[in-house]
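K.L.:
sequence first, predicted model second:
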Amino acid sequence: MDLRQLETFIKVAELRSFSKAAKKLYITQPTVSNHIQSLERELSTMLLNRSGRNISLTEAGRLLYKYAVHIINSCEMAKFDLAAYEGRIEGHLHIHSSSIPRTYLLPNIINDFLKLYPNVSFTLADHDSKDVIQSILDGKTDFGIVGAKYSVKKLSYVELMEDRLLLITPNNSKFMEPNYSKLPIDRIIDDNFLFREKGSGTRKLLEDKLIDNGINDLNVIGYIEDVEIIKKLVSLGIGLSFLSEKVVEDDVKNGMYKAYYIDKINLNRKFYFVYHNERQLSPLNETFKNFFMERINNIEAS
């Protein structure tokens, strides 16, 4: 079996598409087809079910996929270990993260990682939690960092850090209570609200908690991806919103808006390192994951 054919087979299996696999591997679609056909001829079995645009693994394909991933990763690990032995670890990390860990957790960790491995480059992608999950399932990335759990059997989650949501309000005469005091939900139930976009971990947590407390009819007048725009709109008095405690701290000190807890509603949440439990991470990604988890454990212990 040719390693290039196995790499092609893995991408087709993960992306369920010949064209997407070709794009990912920077080869032509006919080349992808030839690689798969050559493997099937050599092994005398069908590896893929082809039904129009729908592609799925046969039983033989599922069996080969497990071994193919192991073979490719073993080769990559050999190259990685040899490079480490010679003091030259190289590669490119694709890090997909939701907004809070991307802003408040990852920069220092990436900085320390690059001090150890200066020849590594990285892409830090801006995605909400749902998009991070979909990127992993689609094979676009090996892992991600999210602010909400989605129940998918193929994914494993490792807890990283805790956060909580606060209500933010305009800094005006309607909200005279001291910052960080507790407001009853009835105090704000008739106000206008600004929510994050669908797929945001912040929005998922908030909607779940409100439903748990029998509240599902808030007057939401806007759905916005950009947290900075939400903060600006709240400061102008357009509506109220819920944002991470980490995001609002400095603005509250500067009087841009006010921040409150909601009485009897727990808006604490956790962030997670998430990865596909049926795929072995590449050597570089495995190294970053281990470094990342060690840093998190040290932060928790300090």
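P.N.:
Looks like it came in fine.

K.L.:
from here on, just use CA atoms for contacts and neighbour counts.
P.N.:
OK.

K.L.:
quick one, domains of this structure?
P.N.:
3-85, 91-160+270-301, 162-268 (automatic domain parsing).

K.L.:
in TSV: those, plus mean neighbour count and mean pLDDT.
P.N.:
Formatted as TSV, the domains of the chain follow (neighbours: other Cα atoms under 10 Å; pLDDT from 0 to 100):
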stretch	mean neighbour count	mean pLDDT
domain 3-85	16	87
domain 91-160+270-301	17	84
domain 162-268	17	91
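
K.L.:
how far off centre is the longest strand along the chain?
P.N.:
Assignment by DSSP state E gives strand 155-169 as the longest strand of the chain. On the basis of Cα atoms, centre = their mean, to the nearest Å, strand 155-169 sits 13 Å off its chain's mean C-alpha point.

K.L.:
can you give me the end-to-end span of stretch 173-192?
P.N.:
17 Å (Cα to Cα, to the nearest Å).

K.L.:
what's it in contact with?
P.N.:
If you take Cα atoms under 8 Å, 6 or more residues apart in numbering as the criterion, stretch 173-192 is touched by 169, 218-221, 238-240, 252, 258-264.

K.L.:
let me see the contact set for Met1.
P.N.:
Leu39, Glu42.

K.L.:
would you check how far apart it and Glu40 are?
P.N.:
In terms of Cα to Cα, Met1 sits 10 Å off from Glu40.

K.L.:
next: Asn285.
P.N.:
For Asn285, the distance to Glu40 - Cα to Cα - is 30 Å.

K.L.:
elements contacting the longest helix along the chain?
P.N.:
Longest helix of the chain, by residue count under DSSP state H: helix 59-85. In terms of contacts (3 or more Cα pairs under 8 Å, 6 or more residues apart in numbering; DSSP states H and E), helix 59-85 is packed against helix 3-15, helix 283-301.

K.L.:
C-alpha coordinates for the helix or strand following that helix, PDB please?
P.N.:
Downstream of helix 59-85, the first helix or strand assigned by DSSP states H and E is strand 91-97. Taking C-alpha atoms only, strand 91-97 is exported to PDB below (Å, rounded to 0.1, in the frame of the first residue of the first chain):
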ATOM      1  CA  GLY A  91       4.800  22.300  11.500                       C
ATOM      2  CA  HIS A  92       1.700  24.300  11.500                       C
ATOM      3  CA  LEU A  93      -1.000  24.300  14.100                       C
ATOM      4  CA  HIS A  94      -4.600  24.900  13.300                       C
ATOM      5  CA  ILE A  95      -6.300  26.100  16.500                       C
ATOM      6  CA  HIS A  96     -10.100  26.600  16.400                       C
ATOM      7  CA  SER A  97     -11.500  28.300  19.500                       C
END
